[in-house]
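Novice: Got a sequence here, can you model it:
(chains A and B)
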Amino acid sequence: EDQVTQSPEALRLQEGESSSLNCSYTVSGLRGLFWYRQDPGKGPEFLFTLYSAGEEKEKERLKATLTKKESFLHITAPKPEDSATYLCAVQADSGGYQKVTFGTGTKLQVIP
Amino acid sequence: SQTIHQWPATLVQPVGSPLSLECTVEGTSNPNLYWYRQAAGRGLQLLFYSVGIGQISSEVPQNLSASRPQDRQFILSSKKLLLSDSGFYLCAWRGDRVNQPQHFGDGTRLSIL
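Specialist: Numbers count the residues shown, from 1 in each chain, chains lettered A, B, ... in the order given. Just a heads-up that it's a prediction; the model follows:
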């Protein structure tokens, strides 16, 4: 069974204090790994797709990287507006259907 | 550009009442459509997905059903709500090309009293 584990569950940073969020996964036939940002009471907002080990994507203060077993979301010099829950999801082949499995997320709080 | 609309944003219903949540997508054709439920501290649970009009697959047997009467319309229904149906319901769409991400609506917070 496909599994996605995110750590830590919660992270509190001072403004400007860089850190990384982890997403480890166990799937067969990875087709893509996705990162989302979710604000309270809202649906997840798509950030990045990574398809193969070694791939990196950047957007403003966020950079996502991928290895064969995990992905990292690096946050450089975060600001309070980066506070949100970050979700990781993997898409894999499952009996002719591409199934997506989500992690439970990391709740990030950036303090001014 | 593509947009997804979900309504209502919040809903309070008594136990045993019916339910209808609607989701529509604009700016794309033949999307894959999904209904998820998100519980606090838990990952998104896939309830139903659809690859075309009238084609519905259920991931978890339960008190809910889904229908897709039009290409870009997805409806989540129940004849009689249970207390356990409370939660945050999300609709998502994905293009029909493989390996694309899903895009979510803003969800419906459903409270059962």
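
Novice: going forward, measure contacts and count neighbours with C-alpha atoms only.
Specialist: OK.

Novice: what residues does chain B put near chain A?
Specialist: Taking CA under 8 Å from any CA of the partner chain as the contact definition, chain B meets chain A at B:41-44, B:90, B:98-107, B:109.

Novice: so residue B:75 is in which element?
Specialist: strand B:73-78 (DSSP states H and E).

Novice: Can you name the next helix or strand after that strand?
Specialist: strand B:87-94.

Novice: Show me what that following strand is packed against.
Specialist: strand B:3-7, strand B:32-38, strand B:103-104, strand B:108-112 (3 or more CA pairs under 8 Å, 6 or more residues apart in numbering or on different chains; DSSP states H and E).

Novice: so what strands line up beside the longest one?
Specialist: Here strand B:32-38 has these sheet partners by DSSP bridges: strand B:44-52 (antiparallel), strand B:87-94 (antiparallel).

Novice: same check, this time on the third one
Specialist: According to DSSP bridges, the neighbouring strands of strand B:103-104, each with its direction, are strand B:87-94 (antiparallel).

Novice: Taking strand B:3-7 as reference, get the angle to the strand it pairs with.
Specialist: 160 degrees (axes from the mean of the first three to the mean of the last three CA atoms, to 10 degrees).

Novice: In space, what's closest to residue B:82 - neighbours in sequence excluded?
Specialist: residue B:15 (5.4 Å; CA to CA, 6 or more residues apart in numbering or on different chains).

Novice: Confirm for me that the one you found is in contact with residue B:83.
Specialist: Yes. Under the criterion of CA atoms under 8 Å, residue B:15 makes contact with residue B:83 at 6.2 Å.

Novice: so what sits against both of the two?
Specialist: B:112-113 (CA atoms under 8 Å, 6 or more residues apart in numbering or on different chains).

Novice: so which helix or strand takes in residue A:21?
Specialist: strand A:19-26.

Novice: List the buried residues for that strand?
Specialist: A:20-25 (16 or more other CA atoms under 10 Å in any protein chain shown).

Novice: Save these as CSV, and put in pLDDT and distance to residue A:103 too.
Specialist: Listed next are the buried residues of strand A:19-26 as CSV, based on pLDDT from 0 to 100; distance: CA to CA, whole Å:
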residue, pLDDT, distance to residue A:103
A:20, 98, 16
A:21, 98, 12
A:22, 98, 11
A:23, 98, 8
A:24, 97, 9
A:25, 96, 9
